[in-house]
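# Prediction below, plus the sequence it came from.
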Amino acid sequence: MIKPRTIPSLRWWIAGLLFLSTVLNYIDRQTLSVLAPFLKSDYQWTNADFALIVISFRIANAIGQSAGGRLIDRIGTRNGLSLTVLWYSIAAMMTSFATGLKSFCTFRFFLGAGEAANWPGATKAVSEWFPKRERGLAVALFESGGCIGAAIAPFLVVWLYHTFGGWRYAFVITGSLGFLWLVLWRLLYHRPENHPRISELERDIILKDREDNEEDSSKSSVTGWLQLLRLRKTWGVIFGRALIDPVWFFVADWFVIYLVSKDINLEEGLLVFWIPFVAADLGNFFGGGISSWLIHRGWSVVCARKAVVVFGGLGMFVLAGAAFTSSPFALAAIFGFSMFAYASFSTMVLTLPSDLFQSKSVATVSGLSGTAAQIGTILCTFMIGYISDHYSFTPILIVASIIPVIAVVMVLTLIRTVRS
């Protein structure tokens with residue numbers, strides 16, 4: 001039997017597929033956000049009405065993060081991510097049948113449930129395929145897919161809207177892209193132990209690092225939800241993500257509406273919309289790269305992650321400045337830097353489960369933190385809808401600049417060492 005030809009640096013091809021999955025994930029979810037001004041006009045929705053649709057997505061995503069993470073730890077990364085992409089692609093396409101507020105809420109609920117497992121699954125894939133010194137960059141790569149997807153979405157969706165003369169085709173076309181990814185994933189992804197196209201050298205590097213990690217007594221070996229929730233470091237990961245993700249989702253879900261409130265229309269403001277997401281993309285690689293560089297210079301893994309967390313939390317504080325300007329260029333700069341800082345912080349929080357826990361618990365812990373983040377986002381979405389309708393976005397921006405500083409304190413306090 002002829003042995004298949006090996007693929008050099010196969011782990012980075014795997015990371016590339018995780019990146020593409022996240023790109024498609026964000027294109028599907030951002031389709032609604034980009035179309036929000038048109039849909040609000042067509043259906044006479046208030047910001048509070050739009051918030052209900054966003055919250056429907058978040059509720060399902062909150063449930064799905066923990067359930068999906070647990071499921072992937074049980075059935076494996078290959079099958080788990082196959083299932084989630086298939087689910088959310090179908091849900092995205094089905095949104096084209098929506099006829100009003102209730103049906104939009106229903107279809108967004110199903111989309112949120114399907115998309116939830118992407119992050120726990122990708123985090124677990126990184127723990128299976130990458131040595132610890134490369135995990136920060138690998139997580140940065142797949143996490144950057146969200147920024148790229150969010151940056152692509154306004155151009156693609158607005159073009160589809162105008163080309164086809166309505167919003168329904170936009171949901172069908174963007175949703176169908178997931179089926180192409182699914183074919184590539186099923187062909188390429190297997191665990192390194194039995195992958196037919198991995199070189200022996202790369203396999204040895206991955207398995208040796210994993211063996212060292214699994215034998216590391218500082219890594220928690222517990223697997224149950226209740227056991228994991230008794231650990232301080234689990235809560236450090238949970239609070240770190242739960243406090244900063246609502247700020248990101250405020251930008252992802254509300255930025256178009258915020259720009260319109262500043263009298264910047266969508267067509268003229270595409271560049272302003274685009275800059276924060278590109279900046280976030282760069283921030284992912286900055287955070288992953290700096291932490292890897294510090295590890296190479298002899299820092300402990302956790303201390304290197306914490307250093308980036310401090311930068312990220314303090315950097316997000318500049319978001320308050322957006323409350324005091326209506327200049328498109330100033331807004332682009334402020335949101336751009338704050339999202340750069342956010343992405344650096346977020347990359348570390350997503351990497352920490354693989355640093356602190358053994359492989360069989362990584363997706364579960366990642367899912368728990370994702371659920372907490374979605375719960376926080378749901379609460380914030382209610383408040384954003386109400387406050388923006390009755391007051392303005394100014395108090396929202398000020399609070400959004402303070403919360404990440406609290407997140408830094410929680411991470412530094414709860415994740416003191418690598419001991420459980």
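Here it is on my side, so go on.
# only C-alpha atoms for contact and neighbour calcs from this point on.
Will do.
# Quick check: residue 252 touching residue 151?
No. At 9.9 Å, residue 252 does not count as touching residue 151 under the criterion of C-alpha atoms under 8 Å.
# who's more crowded, these two?
residue 151 (26 against 22; other C-alpha atoms under 10 Å).
# The more buried one in helix, strand or coil?
Remark: residue 151 carries the secondary structure label helix [criterion: DSSP: H, G, I helix; E, B strand; the rest coil].
# my guess is it meets residue 279, correct?
No. With contact defined as C-alpha under 8 Å, residue 151 does not reach residue 279; the gap is 10.0 Å.
# in the stretch 1-150 of the chain, which segments are predicted with low confidence?
1-3 (pLDDT under 70).
# now the helices for it?
Assigned by DSSP state H, counting those that start in this stretch, the helices in the stretch 1-150 of the chain fall at 10-43, 47-75, 77-94, 101-115, 118-129, 132-164.
# Which strands or helices does the longest one pack on?
Translated: helix 10-43. helix 77-94, helix 118-129, helix 132-164, helix 168-188, helix 232-261 (3 or more C-alpha pairs under 8 Å, 6 or more residues apart in numbering; DSSP states H and E).
# Run the chain-centre distance for it.
11 Å (C-alpha atoms, centre = their mean, to the nearest Å).
# Now do the buried residues in it.
Within helix 10-43, the residues that count as buried by 16 or more other C-alpha atoms under 10 Å are 10-11, 14-37, 39.
# Would you confirm that residue 198 belongs to a helix?
No. Looking at residue 198 with three-state DSSP, it is coil, so not inside a helix.
# If you drop the residues flanking it in sequence, what lies closest to it?
Among residues not flanking residue 198 along the chain, residue 6 sits closest, at 5.3 Å (C-alpha to C-alpha, 6 or more residues apart in numbering).
# Number of residues surrounding the one you found?
13.
# residues in contact with it?
196-199 (C-alpha atoms under 8 Å, 6 or more residues apart in numbering).
# give me phi/psi at it?
phi -70, psi 150 (degrees, to the nearest 10).
# how close does it get to residue 196?
Taking C-alpha to C-alpha, to the nearest Å as the measure, residue 6 and residue 196 are separated by 7 Å.
# and what of residue 255?
Counting by C-alpha to C-alpha - residue 255 and residue 196 are separated by 45 Å.
# And these two? Which one has more around it.
residue 255 (18 against 15).
# Now that one. Nearest residue, chain neighbours left out?
residue 273 (7.1 Å).
# which one of the helices of the stretch 1-150 of the chain has the most crowded surroundings?
Stretch with highest mean neighbour count among the helices of the stretch 1-150 of the chain: helix 118-129 (a mean of 27; mean count of other C-alpha atoms under 10 Å).
# by contact count, what packs against it?
Checking 3+ C-alpha pairs under 8 Å, 6+ apart, helix 118-129 ends up next to helix 10-43, helix 47-75, helix 77-94, helix 132-164, helix 200-215, helix 328-356, helix 359-390.
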